[in-house]
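J.: when you get a sec, could you give me coordinates for this:
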Amino acid sequence: MSRFLWLIRRELWESRAVWVAPAICAAVIVGGVLIASILHGTVRLDSQDAANLAQVKAMTPAKIEAFTSLALGVIALPFFILVLFTQFLYALDSLYGDRRDRSILFWKSLPISDTESVLAKLTVAVLIFPLAALAAALVTQVIMFAICSIELPGMSVLAGHVWSPIVWAGSLLVMGYLYVASALWYLPLIGWALLASAWAPRSPFMWAALPPLALGLLELIVLRSSYVLHAVGERVGNASLFGRAFGMPHATGFTFAVKLDRDTLTIPRALTDMMRPAEFFSSPSLWIGVLIATGFVAAAIWVRRYRDANS
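T.: Here you go, the predicted model:
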């Protein structure tokens, strides 16, 4: 176990994108809010805005907490979108990079199995990258809400609900749920990227992209169907994951159950109300994907074991 943890530490030393990408995303979001607050100054509600203040005070705690929960989800969304790209690119380069710089010769000279090496890279891609993004999202949420609390002193009536422990606990529950769900849902994508990385003589992205696209186009031309392209499309974007995890199987993007009835806007009580863990974790497509991912990872281990380091 200590040897496996050492391999993970080595990956973290060499892959700065684990923390650099979420840090840049957080800096852009917080920096944008700070610039906007500096340009516009502190928001104060005077007598001219009495009507607006009255409307705010008239809002029920349930509505305030619903908007707060939604705002927390919106802040975290860019991090979940970004991490999919970073973990895929990391997996795509991880095994190929060892052959490119010939460091694979050094690692094969050590008492470290190819299984341990591949599983360490899989662990970093599937678990560590999203965990770093989740931590950055949480820090960004706290900073953003602190800035809003400072910039809206005349709306202190919101503070008790905006910083409600129940709302923040619900947000953590949603992010934890998505963390586990995304780890399982994207396993086939990461496993395929590892296999392409282990096999590709050059340009692993081309080797990862062309086979499924060619197979999908062949199916489309010969059979006039698009099952392959649909299956691939479900795993390479966030829309399908969010749709299935939150009970919207036909979602084409990260959409919320928002209903507009004349002048009344109805949103969920909290994002936790939209979670569908029983449906998601009992989905056959999820576990079929996990089985396919297991085959991809096993193939990546076999290829790494017998692949010529010079190719």
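
J.: which parts of the stretch 51-200 of the chain are helices?
T.: 61-100, 103-108, 114-123, 129-151, 159-162, 165-185, 187-199 (DSSP state H, counting those that start in this stretch).

J.: contact partners for the residue sitting nearest the centre point of the chain?
T.: Using C-alpha atoms, centre = their mean, the residue of the chain that lies closest to the mean C-alpha position is F80, 2.6 Å off. Residues in contact with F80 (C-beta atoms under 8 Å, 6 or more residues apart in numbering) are P130, A133, A137, L178, S182, N238. The C-beta positions use only the backbone N, C-alpha and C, and glycine is treated the same way.

J.: among these, which two are most distant?
T.: A137 and N238 (13.9 Å; C-beta to C-beta).

J.: who's more crowded, the two?
T.: For A137 against N238, the residue with the higher neighbour count under other C-beta atoms under 10 Å is A137, and the figures read 26 against 19.

J.: pLDDT weak spots in the stretch 101-250 of the chain?
T.: Applying pLDDT under 70 to the stretch 101-250 of the chain flags the ranges 107, 151-161, 248-250.

J.: V74 - how many residues pack around it?
T.: Every residue meeting other C-beta under 10 Å relative to V74 is counted, giving 13.

J.: give the buried residues for the strand or helix carrying R305.
T.: Element membership for R305, per DSSP states H and E: helix 284-306. The neighbour-count check on helix 284-306 (16 or more other C-beta atoms under 10 Å) flags L286, G289, I292, A293, F296, V297, A299, A300, I301, V303, R304 as buried.

J.: check the residues you listed for the minimum pLDDT and say which it is.
T.: When it comes to pLDDT, R304 is the least confident member of these, at 88.

J.: can you pull the contacts of that residue?
T.: R304 sits in contact with L95, I104, D114, S117, V118, A198, where contact means C-beta under 8 Å, 6+ apart.

J.: can you lay out those as JSON lines showing neighbour count and distance to G233?
T.: Listed next are the contacts of R304 as JSON lines, based on neighbours: other C-beta atoms under 10 Å; distance: C-beta to C-beta, whole Å:
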{"residue": "L95", "neighbour count": "28", "distance to G233": "25"}
{"residue": "I104", "neighbour count": "20", "distance to G233": "33"}
{"residue": "D114", "neighbour count": "20", "distance to G233": "32"}
{"residue": "S117", "neighbour count": "25", "distance to G233": "31"}
{"residue": "V118", "neighbour count": "26", "distance to G233": "26"}
{"residue": "A198", "neighbour count": "27", "distance to G233": "24"}
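
J.: pull the most distant pair out of the residues you listed.
T.: Taking C-beta to C-beta as the measure, the contacts of R304 have their most distant pair in I104 and V118, spaced 11.8 Å apart.

J.: coming back round to it: the helices of the stretch 51-200 of the chain: which one's closest to V18?
T.: Counting by C-beta to C-beta, V18 lies closest to helix 129-151 out of the helices of the stretch 51-200 of the chain; the figure is 5.1 Å.

J.: contacts for that closest one?
T.: The set of residues external to helix 129-151 that reach it, using C-beta under 8 Å, 6+ apart, is 17-19, 21-23, 25-26, 29-30, 33-34, 37, 42-43, 72, 75-76, 79-80, 82-83, 86-87, 90, 159, 162-163, 171-172, 175-176, 179, 182-183.
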